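Asker: quick one, fold the following:
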Amino acid sequence: MPTAIDAERLQRLLLDGPLEIEGRLVEASNYVLRVWIEDDGDRIPAVYKPIRGEQPLWDFPEGTLASREYAAYLISSAGGWDCVPVTALRPDGPLGAGSVQQWVGPLDPVTENDLLRIDPVAAVPTDYLPVLGVHDEHDQPLVVSHAALDALRGVALLDVVLNNADRKASALIMDAGHLYAVDHGLTLHAEEKLRTVLWGFAGQELSSVEIARVEAVRGALDGALGETLCGVIQEDELVALQDRVDLLLETRQLPAPPDDRHPLPWPLW
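Answerer: Residues are numbered from 1 along each chain as shown. Below you'll find the model as predicted:
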């Protein structure tokens with residue numbers, strides 16, 4: 001249920017509007033709170049992720065996930081993806097500094113959708129792309145697949161740019177026909193870490209629209225976006241981001257899964 005307020009005004013509200021905590025989303029591994037912001041009598045739902053509630057990770061610098069959420073929004077906006085909800089990085093909040101993001105989807109959290117499926121081999125829908133084969137408890141072969149939607153392919157491309165290490169199906173929300181992508185705390189690492197359920201698009205050539213999006217990000221990195229990100233992510237992470245964008249413009253196709261590490265998030269949903 002995204003609000004009709006324009007993105008610039010909404011970001012200001014997320015940045016400095018008073019936050020009223022409703023409760024914690026208990027299924028999240030980090031401390032994630034749903035909050036409400038008042039605006040001229042309207043109550044706007046949002047997600048608040050305080051830095052102090054981030055669980056330490058062995059492969060990501062401590063206390064940086066909120067900044068990565070914000071950086072992902074800036075990058076997606078620069079490329080015109082229109083799939084990452086409006087996000088702000090607040091210097092303060094009820095539990096200290098953290099990211100605050102527009103709430104999308106139903107007010108009752110939904111953790112599963114039909115964008116990713118698991119079926120017997122003969123039952124995979126014709127408009128779904130296979131990701132991997134698995135076996136059930138009776139050792140019968142099954143196929144994990146995802147929908148072949150243009151909007152999903154757009155997210156797959158954005159994830160390559162962001163080096164998203166955790167693209168689960170539950171981080172994809174379809175609301176009134178519009179696809180949103182959330183949970184970008186595990187992005188923008190300097191090392192290659194892409195883990196996604198959207199490998200069905202691997203190897204496909206980029207369209208002219210997709211190339212234009214990547215070019216827009218590359219141009220923005222040489223200007224205001226690059227300057228802003230210097231204060232949000234680390235220097236080597238910014239260099240790696242530029243390198244990924246340059247490689248996409250050189251190859252003009254979505255990459256194949258790596259064969260030297262595990263390429264999938266866990267769990268898949």
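Asker: who's in contact with Asp127?
Answerer: 147-148 (C-beta atoms under 8 Å, 6 or more residues apart in numbering). The way it works is simple: take the backbone N, C-alpha and C, and place the C-beta from them, glycine included.
Asker: count of neighbours near His124?
Answerer: His isn't right for residue 124; it's Val. Counted by other C-beta atoms under 10 Å, the residues lying close to Val124 total 17.
Asker: surely it and Pro141 touch.
Answerer: No - judged on C-beta atoms under 8 Å, Val124 makes no contact with Pro141 at a distance of 11.0 Å.
Asker: can you check which residues contact both of the two?
Answerer: By C-beta under 8 Å, 6+ apart, no residue touches both Val124 and Pro141.
Asker: what separates Ala7 from Ala147, distance-wise?
Answerer: Distance of Ala7 to Ala147, given as C-beta to C-beta, to the nearest Å: 27 Å.
Asker: higher neighbour count, those two?
Answerer: More crowded of Ala7 and Ala147, by other C-beta under 10 Å: Ala147, with 21 against 14.
Asker: quick one, what contacts the residue nearest to the more buried one when sequence neighbours are not counted?
Answerer: Leaving out its chain neighbours, the residue that sits closest to Ala147 by C-beta to C-beta, 6 or more residues apart in numbering is Leu115, at 5.1 Å. Counting by C-beta under 8 Å, 6+ apart, Leu115 makes contact with 146-147, 149, 152, 169, 172, 174.
Asker: pull the number of nearby residues for Leu248.
Answerer: 23.
Asker: also the one 5 residues further on?
Answerer: Gln253 sits with 14 neighbouring residues when counted by other C-beta under 10 Å.
Asker: ok, what's across the strand from it?
Answerer: Note on Gln253: beta-bridge partners by DSSP bridges are Glu205.
Asker: mind checking how far it is from Val161?
Answerer: For Gln253, the distance to Val161 - C-beta to C-beta - is 14 Å.
Asker: Ser77 now?
Answerer: Distance, Ser77 to Val161, using C-beta to C-beta: 12 Å.
Asker: surely Gly185 meets Gly63?
Answerer: No - if you go by C-beta under 8 Å, Gly185 and Gly63 don't touch, sitting 11.0 Å apart.
Asker: can you tell me the closest non-neighbouring residue to Met174?
Answerer: Asn113 is the one closest to Met174 (C-beta to C-beta, 6+ apart), at 6.2 Å.
Asker: which SSE is the one you found in?
Answerer: Secondary structure from DSSP states H and E places Asn113 outside every helix and strand.
Asker: repeat that for Glu250.
Answerer: Short version, using DSSP H and E: Glu250 is in helix 235-251.
Asker: name the residues of that helix that are buried.
Answerer: For helix 235-251, the neighbour count (16 or more other C-beta atoms under 10 Å) marks 237-238, 240-242, 244-245, 248 as buried.
Asker: contacts for it?
Answerer: So helix 235-251 is in contact with 75, 157, 160-161, 163, 188-191, 206, 211, 214-215, 217-218, 221, 226, 229-230, 233, going by C-beta under 8 Å, 6+ apart.
Asker: sorry, back to before: which residues does the residue nearest to Met174 contact?
Answerer: Residues in contact with Asn113 (C-beta under 8 Å, 6+ apart) are 169-170, 172-174.
Asker: packing partners for the helix or strand encompassing Ala216?
Answerer: Using DSSP H and E, Ala216 sits within helix 208-221. Counting contacts by 3 or more C-beta pairs under 8 Å, 6 or more residues apart in numbering; DSSP states H and E, helix 208-221 is packed against helix 65-78, helix 150-162, helix 224-229, helix 235-251.
Asker: list the helices and strands the third one packs on?
Answerer: In terms of contacts (3+ C-beta pairs under 8 Å, 6+ apart), helix 224-229 is packed against helix 65-78, helix 208-221, helix 235-251.
Asker: rerun at 7 Å
Answerer: When contacts are defined as 3 or more C-beta pairs under 7 Å, 6 or more residues apart in numbering; DSSP states H and E, helix 224-229 sits against helix 65-78.
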